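Student: take this sequence and fold it.
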Amino acid sequence: MTTKVQRQCAIVSLVVELEVTSQPGLIELLASEGIEATQATVSRDLDDIGAVKVRVASGNTVYAIPEF
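Tutor: Just a heads-up that it's a prediction; the model follows:
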């Protein structure tokens, strides 16, 4: 079982390394790493770590963490 801290660390890594455009997409990425999470959990985690949506050069809006 993955702890909240482990899951949030995985989310930070994914958001920093990839263009994560949606919560369902993030859930799929977590699942590919063996971490199961619901949309509600991912939503809370994103809020806890201070993730925000920003527009990038490709025109997509992606999750970003301001201190990164």
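
Student: avg pLDDT for the helix ranked longest in the chain?
Tutor: With secondary structure taken from DSSP state H, the chain has its longest helix at helix 4-17. For helix 4-17, mean pLDDT is 97.

Student: render the CA-only coordinates of that helix in CSV, please.
Tutor: Taking C-alpha atoms only, helix 4-17 is exported to CSV below (Å, rounded to 0.1, in the frame of the first residue of the first chain):
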residue,chain,number,x,y,z
LYS,A,4,0.0,9.7,1.2
VAL,A,5,3.6,11.0,1.2
GLN,A,6,4.8,8.4,-1.3
ARG,A,7,1.8,9.2,-3.6
GLN,A,8,2.3,12.9,-3.3
CYS,A,9,6.1,12.5,-4.1
ALA,A,10,5.2,10.5,-7.2
ILE,A,11,2.7,13.2,-8.2
VAL,A,12,5.4,15.9,-7.8
SER,A,13,7.8,13.8,-9.9
LEU,A,14,5.3,13.2,-12.7
VAL,A,15,4.1,16.9,-12.8
VAL,A,16,7.7,18.1,-13.0
GLU,A,17,8.9,15.6,-15.6
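
Student: helices or strands up against it?
Tutor: Counting contacts by 3 or more Cβ pairs under 8 Å, 6 or more residues apart in numbering; DSSP states H and E, helix 4-17 is packed against helix 23-32, helix 39-48, strand 61-64. All C-beta atoms are positioned from the backbone trio N, CA, C, and that covers glycine.

Student: can you tell me what sits against that helix?
Tutor: 2, 20, 26, 29-30, 33, 35, 37, 41-42, 45-46, 48-49, 51, 62-65, 68 (Cβ atoms under 8 Å, 6 or more residues apart in numbering).
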